[in-house]
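Participant: Quick one, structure for this:
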Amino acid sequence: MIQHPNGIVIGGRVVIGAHCTLLQQVTLGEKYADGSAPHLSPTILAGATIGAGAKVVGHVTVGAGSTVGANSVVTRDVPDGFTVVGVPAAPARRA
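Facilitator: You can find the predicted model right below:
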């Protein structure tokens, strides 16, 4: 589900599972390993939510049922069911 499609960027080889939610200004971006390598693209598994303004870049997987907080930058895998926030994104902690 794309609730607010304004400004969403999705690279051509990104994989998005069923029942995911993308909010406005999300970037799911590819990057090269080097000048000759194929694109390294994110995979978003079923039921994940990507918050407003978040960036998921490179060959990473956002696990099933995970949440990426608003304006976070994900450069490493997110395990199933985790919530990550920040730049770079890290698991959320309770105060």
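
Participant: which stretches of the protein form strands?
Facilitator: Under the criterion DSSP state E, strands of the chain are mapped to 9-10, 15-16, 21-22, 27-29, 31-32, 39-40, 43-44, 49-50, 55-57, 61-62, 67-68, 73-74, 83-85, 90-91.

Participant: by contact count, what packs against the second one?
Facilitator: Counting contacts by 3 or more Cβ pairs under 8 Å, 6 or more residues apart in numbering; DSSP states H and E, strand 15-16 is packed against strand 43-44. For glycine as for every other residue, the C-beta is placed from the backbone atoms N, C-alpha and C.

Participant: The strand it packs on - contacts with which helices or strands?
Facilitator: Strand 43-44 packs on strand 15-16, strand 61-62, going by 3+ Cβ pairs under 8 Å, 6+ apart.

Participant: Tabulate these (CSV), appending distance to I44.
Facilitator: Listed next are those as CSV, based on distance: least, Cβ to Cβ, whole Å:
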stretch, distance to I44
strand 15-16, 5
strand 61-62, 5
